[in-house]
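Undergrad: sequence and predicted structure below; questions after.
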Amino acid sequence: MSRGEENNFSRSSWRSRSWHASRTGDTKTRILDAAQEMFVAVGLERAQLEEVATHAGYTRGAIYAHYSSKEDLFLALVEQRVLANFEQMIETLRGEEEQANRIGMFRFWMVAQVSDPSFGTLMLEFKLHAVRGSQSLERLQALHDAIFRSTAHQFVALLFGTDLPSTRREGIERRLAVMGSVISAVALERRFRPQSLSRTDVQTLAAELLDVLVRP
């Protein structure tokens, strides 16, 4: 094979791998979108992989090509939709030079999460699944720590700086530890009593709770 033929082959092979990776990514996105709708609508226990596959436009085998079980799919969904979203928000805060602006940015982001009805439901399903004795308890705990515990210290530093006395910092970290549960409860109540809590009501309530919980 000549050098020119080798180069053509290399470019063709790269394009083939790139196309395959892109197609795999599209498949996973469609599966995760369908899984999110099913898990939010009927819960993890009642959701069936056949229904997820049908909703995504694939066969059940297509799901097993990427995920080993329904639980594996659920955890991948939480990792991709919750953890990745949280990490992106952290990076956005890091990119803001003015520390005074970061609390407002976080407040805006958090209210937006509450406005998404799937957020609170997914987090509730995630915690209930762990409490009920998941076979992947260690993975669940590691994922929870990645989202909350491991980022608490750096998160407080991003919002309030590094010069806080230890007692004040620990108090903020305690409030942040329960903030997710409080916000999830608001989102869940909105789904339970939509006629009593409008979208605007939920956004206002979430903002008020954040003002109490996220303070120095």
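TA: Yep, that arrived.

Undergrad: pick out the residue closest to the middle of this structure.
TA: Residue closest to the average C-alpha location in the chain (Cα atoms, centre = their mean): Val82, at 0.4 Å.

Undergrad: who's in contact with it?
TA: 119, 122-123, 126, 147 (Cβ atoms under 8 Å, 6 or more residues apart in numbering). Backbone N, C-alpha and C define where each C-beta goes, glycine included.

Undergrad: just these now: which is nearest Gln99?
TA: Ile147 (22.9 Å; Cβ to Cβ).

Undergrad: pLDDT wise, what is the closest one at?
TA: On the pLDDT scale, Ile147 is placed at 65.

Undergrad: low-confidence stretches in the chain?
TA: Confidence mapping of the chain against pLDDT under 70 gives the ranges 1-25, 133-137, 144, 146-152.

Undergrad: which stretches of it form helices?
TA: Using DSSP state H, the helices of the chain run over 3-42, 49-56, 60-64, 70-78, 84-94, 99-115, 117-131, 137-144, 150-160, 166-192, 199-213.

Undergrad: who touches the shortest one?
TA: Read that as helix 60-64. 27, 31, 49-50, 52-53, 56, 73.

Undergrad: how deep is Ile31 tucked in, by neighbour count?
TA: Residues lying near Ile31 (other Cβ atoms under 10 Å) number 25.

Undergrad: quick one, what contacts it?
TA: Contacts of Ile31 (Cβ under 8 Å, 6+ apart): 52-53, 56, 58, 62-63, 66-67, 73.

Undergrad: just the buried residues of those.
TA: Neighbour-count burial (16 or more other Cβ atoms under 10 Å) is assigned, among the contacts of Ile31, to 52-53, 56, 58, 62-63, 67, 73.

Undergrad: and the contacts of Val82, which is closest to Ser184?
TA: Closest to Ser184, out of all of the contacts of Val82 and judged by Cβ to Cβ, is Met123, at 4.6 Å.

Undergrad: burial count for that closest one?
TA: Count around Met123 with other Cβ under 10 Å applied: 22.

Undergrad: with Arg175 instead?
TA: 15.

Undergrad: over to the one 4 residues further on?
TA: Met179 is flanked by 17 other residues according to other Cβ under 10 Å.

Undergrad: cool, and the one 5 residues further on?
TA: A count of nearby residues for Ser184, using other Cβ under 10 Å, gives 20.

Undergrad: Lys127 and Ala84, how far apart?
TA: 19 Å (Cβ to Cβ, to the nearest Å).

Undergrad: neighbour count: these two, which is higher?
TA: Lys127 (15 against 11).

Undergrad: need the contact list for Val40.
TA: Here Val40 is in contact with 117-118, 121-122 (criterion: Cβ under 8 Å, 6+ apart).

Undergrad: can you tell me which of the residues you listed has the most neighbours?
TA: Counting by other Cβ under 10 Å, top hit in the contacts of Val40: Leu122 with 22 neighbours.

Undergrad: identify the residue spatially nearest to Leu205, adjacent ones excluded.
TA: Counting by Cβ to Cβ, 6 or more residues apart in numbering, Val186 is the residue found nearest to Leu205 once chain neighbours are left out, at 5.7 Å.
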